Structure formats: structure tokens, C-alpha cells
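> structure, please.
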Amino acid sequence: MKKETIKSIILTVLIITSFLLTWNTWTYQPATREKTDTKLYESIPITNETREFHEVVRPQQLFIHEGDKHYSTLNGTYMNSTWKKMQEWEYSNLKKEEQTFPNEQSFQTWLNGIKEKIELRFFSEIPMFTFQSMLKWEAEITGNLSFDSILLQLDRGSEIQKVYFVSYDKMSVLESSVNNENASNFIEGLFNNKGEFQEYFSIQIGNGKSLYLPEKEVTVEKYQYLTEEVEGRKFRDALFTNPSIVKQDYNRYTDSVRLLDISLSNQTVEYVNTTVRNSNSLIASSLIDKSIVSLNSHGGWTNDFGLFHVNEEEQETTFIMMIKSMPVINSARKPFGPTTISQVWGENELAKYYRPLYELVDNGFQNNSSTLMSGRSVQEMIIGENAKYDMLQIENIFIGYELSNSGNYVNAEPVWCLKMDNGETTIIYEEDKVTGGNANGME
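Modelled structure (predicted):
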């Protein structure tokens, strides 16, 4: 064989070998890399509890108005049944734009024009988009409309039930109707039960809004609960995307960018994601939506909670613990852990999360009752000569429960509360009527 032929054969083999090696280099993927890249980590929910939107976004008070007479009750049965019934109605004839009143007098004149009505009041402004999403009600509206009260007009014998979505803060009204005779009959039946309610009186606080307080002293049941701490690792497994790389230092967990701090002494859980930047991009309806979806996905409903406050400026939502449809307030005077869940959002991710570590076990048991001072006495304390509150900053006055530690149990005792327009809550103690002091609640 000639030398030239041998050289050609060797050169051809070298070229083919080089090509194969280059191809293998381009297409080769180590098995370990493939396994690492495709492995998915699923969070493990703290509980299996989830909530429908209407179970979290719900009214806090129900009033019956008959001209200058007002009635209400602390029995949540009437309010809850009305709210549940309203989820079944088919709404129509929603006006595309709200009616806004130029001044307080014209707004009050409109309110007084509906002589007989049922009113449902909420702790926070509720976006119209949120209400529509609960009902799958596709109605065209303009702007980010919201309301803090719903008025159900009593029109005896009518087959059409008028529904008004009212914002006292904006002095605006959005009108709709329900073409259902059963809805009208339900409202008429509820109105006729006002004899089972207590008589209330009104206090004007501005923007046409009135607060309603009971004429007489109020007797409210007290309860005792066993409590149970939620294990820190459950929050770790629920909140971190990859729990396997999380390092633990006593009751602090971190993956270098997220921090979870568990405080046994304060009964608090605090989670911070340092990679999330501040953002003001989410409107109220989106904040509520993301917060409820988040709590559903990681099983954060350890007890009954309701929407309490929405702060678009801070991109924050707050949910408050409820006992027998009444809010639970924590105070500096009798501290026992937080009673609210707060979430701060940034760039569509959860930036901060603060909540109770404990949960109230079972339904509790009744432990006698307390008699609270009348609304007239409360009125004297908040607008009397020695009052320390600015009426224009008071958003609501209501009765809630205060938690205090009692050995192996937690006591839930009824108290009078003020909610200020910044979301802060203050407890009014009857002894402060004499001493002139006050105790701040949650912040």
C-alpha cells in the first residue's frame, strides 16, 4: 500500500474521531445535573384548611334602620345568614358609575331618604371587583370602586330588591338590584325580627357617617380556650421554596435570602423575604386576592379570621381573629400574642408576613358572662370633656374579645374597642372613665 493512501486513511479516521468527540461534548449532559435542575420542591401546608373569599371578606355589623330608630344585635347568626343569602342572589342593573355627593349635607339627605333599610358594615373598604369575583358577577364598572357598607332597602311587596354599595369615606353610592321576590321577602322577614334586637342610638362622626351604640348595658358571654403552638418546622416547610437548604439556629430559619423568626415568648411568627423590593403597584382588590390565595396555599387559617384592614400605600393586608363573629383584640395591658395576620407585598411576592404562633383549640367553653357599660357611657368617654380621642380619626366603635393568659387556658373577655382610620385599635376600659387613662391595643 502506498504511503499516500495510508496517510489519507489515517487523516480520515482522525477527522471522524474529532467530529464524534465534538458532537459528544456539545450534547453531553451529566445525569447529576439533570436530576438537580428538574427536581421540584412542593411546600407542605401548615393545615388543610382553606377559605372561600366570602368567608374571609364579610360584614362586621348588621343594623336595622327605621327612620330615627336603630337596632342591632351581637348575635352573629342574623348577619351571617344574610351575607350567605346574598351570595346566592343574581345582581343586575348595576350602574356603571357611582353617584358622588358634593357635600355631607346632600349625602346625609340621600341616606335619610331611605327610611327603612338593613345595613351591613365592613371593617375595611371592599373593592367592587372583590365582591364581583365572589359572585362571578361580570358587570362593567369604571374605576377602582369600593364600599364599606351595603344598604338593603325595604320595599314591601316588591319583586325587586334594591342594593346600594356605599362608601362613607368617599360619600359615594353604587346602585344595583336583585330581581328576586325571595330576596325581598327575606329582607322583609329580617326587618320584622327587629323586636329581637337591642335599641341603638347614633353618633355623627363626619362625611355623613354615623356610629351606632346600644342604649343600655350589654351582657356578653366570656370563653376559655386551650391553646396549641404550631411547630416552627411547619412554617419552614410551608414558606420556603427549598426547605432542604434552610439552616436553623434555635428558632430562627434562613436560606440566606429569607428569614423566619419564631418567638415562643411572644407567640409570634415573622417572615421576611429580603430579595423582594417595595412596590406600590397592587390595587386593593389584588392585595386581597393574593393574600387569601397565599393563606389558602400554605394553610395559614389556624383559626377563624376576617379581613380587617387594607393599606394600599404600604401594600399591606390585615386579617383579624374572630370568636363567635366578633373580633379578637390584643392589648398592652393583658398581652397574649398577636391576634392578627398581616402580609406586605412587593413586586407580586410576599415580602413580610406576621402572625400568631398559637391557635385556639376546639370551640372553647363558656365561662360566665360580663356586663359592659352602655353606649351612652362610651360616648361620654370618647367625646366628653376629658376625651382623648379625635372623633374625625375614629373609624368604628365595637365590642370585641380581649385575650389574657390564665395558666393552661386563655380567657376571652368582651371589651369595648375603637378602630382608628390608620387601622390601629384601642381598648376602652370602664375604669378609665374614672382614672382618665387608656390602653392601646394592636398596632
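> ok, which stretches of this protein are helices?
Remark: helices assigned in the chain by DSSP state H are 3-27, 31-38, 53-56, 76-86, 104-113, 128-135, 181-192, 232-239, 284-297, 375-383, 432-435.
> which residues are in contact with stretch 87-97?
By C-beta atoms under 8 Å, 6 or more residues apart in numbering, the residues outside stretch 87-97 that reach it are 54, 134-135, 137, 139-143, 161, 163, 174-180, 183. Any C-beta I mention is one placed from the backbone N, CA and C, and that applies to glycine too.
> among those residues, name the ones in strands.
Among the contacts of stretch 87-97, the members falling in strands (DSSP state E) are Gln161, Val163, Leu174, Glu175, Ser176, Ser177, Val178.
> format the residues you listed as a markdown table; extra columns: pLDDT.
Formatted as a markdown table, those follow (pLDDT from 0 to 100):
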| residue | pLDDT |
| --- | --- |
| Gln161 | 93 |
| Val163 | 95 |
| Leu174 | 93 |
| Glu175 | 92 |
| Ser176 | 92 |
| Ser177 | 91 |
| Val178 | 91 |
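> who wins for most neighbours among those?
Gln161 (25 neighbours; other C-beta atoms under 10 Å).
> so that one touches Ser184, yeah?
Yes: here Gln161 reaches Ser184: they are 4.7 Å apart, a contact under C-beta atoms under 8 Å.
> common neighbours of the two, please.
Residues within reach of Gln161 and of Ser184 at once, by C-beta under 8 Å, 6+ apart, are Asp155.
> distance check, Lys234 against Thr219.
Using C-beta to C-beta, to the nearest Å, we find Lys234 at a distance of 39 Å from Thr219.
> so the two - more neighbours on which side?
Using other C-beta under 10 Å, the more surrounded residue of Lys234 and Thr219 is Lys234, with 15 against 11.
> shouldn't Ile283 be in contact with Val310?
No: using C-beta under 8 Å, Ile283 is not in contact with Val310; the gap is 9.8 Å.
> other SSEs contacting the longest strand along the chain?
Identified as the longest strand of the chain according to DSSP E is strand 358-372. Applying 3 or more C-beta pairs under 8 Å, 6 or more residues apart in numbering; DSSP states H and E, one finds that strand 358-372 contacts strand 218-229, strand 316-323, strand 409-420.
> of all these, which lies closest to Leu111?
The minimum distance between Leu111 and the helices and strands packed on strand 358-372 falls on strand 409-420, with 21.2 Å, by C-beta to C-beta.
> helices or strands next to the closest one in the packing?
Judged by 3+ C-beta pairs under 8 Å, 6+ apart, the packing partners of strand 409-420 are strand 218-229, strand 326-329, strand 358-372, strand 394-406, strand 425-428.
> got phi/psi on Asn278?
Per-residue torsions, Asn278: phi -70, psi 150 (degrees, to the nearest 10).
> number the residues from 12 up from this point.
With 12 as the first residue, the last one maps to Asn289.
> number of residues surrounding it?
If you count neighbours by other C-beta under 10 Å, Asn289 ends up with 11.
> got the contact list for it?
Gln326, Gly357, Ala362.
> ranking those by neighbours, who comes first?
Gln326 (23 neighbours).
> that residue reaches Ser290, doesn't it?
Yes: if you go by C-beta under 8 Å, Gln326 and Ser290 touch, sitting 6.5 Å apart.
> find residues that contact each of the two.
Contacts common to Gln326 and Ser290, judged by C-beta under 8 Å, 6+ apart, are Trp356, Gly357.
> quick one: the residue lying closest to Leu429 once chain neighbours are set aside from Phe409, how far?
Of all residues not flanking Leu429 in the chain, Thr437 sits nearest, at 4.6 Å (C-beta to C-beta, 6 or more residues apart in numbering). With distances taken as C-beta to C-beta, Thr437 is found 12 Å from Phe409.
> got any residues that touch both of the two?
Common neighbours of Thr437 and Phe409, using C-beta under 8 Å, 6+ apart, are Cys428.
> excluding chain neighbours, what is closest to Lys258?
Among residues not flanking Lys258 along the chain, Thr265 sits closest, at 5.8 Å (C-beta to C-beta, 6+ apart).
> I'd assumed Leu271 was in contact with that neighbour.
Yes: between Thr265 and Leu271 there is a contact at 7.2 Å, judged by C-beta under 8 Å.
> which one's more surrounded, the two?
Between Thr265 and Leu271, counted using other C-beta under 10 Å, the more crowded position is Leu271 (23 against 18).
> residues contacting the more buried one?
Neighbour list for Leu271: Gly243, Phe246, Arg247, Leu250, Phe251, Arg263, Tyr264, Thr265, Val280, Glu281, Tyr282 [criterion: C-beta under 8 Å, 6+ apart].
> apart from its neighbours in sequence, what residue is nearest Glu130?
Using C-beta to C-beta, 6+ apart, the nearest residue to Glu130 is Phe74, at 4.5 Å.
> from Pro225, how far out is the one you found?
With the distance defined as C-beta to C-beta, Phe74 ends up 11 Å from Pro225.
> per the record, what domains does the protein have?
64-226, 230-234+373-451, 238-372 (automatic domain parsing).
> give me the low-pLDDT residue ranges for this protein?
Applying pLDDT under 70 to the chain flags the ranges 12-52, 395-397, 444-454.
> for the spatially most central residue of it, give me its contacts.
Nearest to the mean C-alpha position of the chain, by C-alpha atoms, centre = their mean, lies Leu318 at 1.9 Å. Contacts of Leu318 were listed using C-beta under 8 Å, 6+ apart, and they are Val67, Val68, Arg69, Phe133, Phe134, Ser135, Ile137, Ile299, Thr328, Thr329, Phe330.
> if you set the cut-off to 10 Å instead, what comes out?
64, 67-69, 71, 133-135, 137, 141, 299, 302-303, 328-331 (C-beta atoms under 10 Å, 6 or more residues apart in numbering).
> for it, which residues make a bridge with it?
Beta bridges link Leu318 to Phe330, judged by DSSP bridges.
> next, count neighbours for Thr120.
Residues contacting Thr120 under the criterion other C-beta under 10 Å number 12.
> quick check, it in contact with Pro113.
No: look at Thr120 against Pro113 with C-beta atoms under 10 Å: they stay out of range, at 11.4 Å.
> can you list the buried residues in stretch 84-93?
Using 16 or more other C-beta atoms under 10 Å as the burial criterion, the residues of stretch 84-93 that qualify are Thr84, Leu85, Gly87, Tyr89, Met90, Thr93.
> need the contact partners of it.
Residues outside stretch 84-93 that contact it (C-beta under 10 Å, 6+ apart): 66, 69-75, 83, 94, 129, 131-132, 161, 163, 197-198, 201, 204-205, 207-209, 211, 225, 229-232, 333-337, 409-410, 425.
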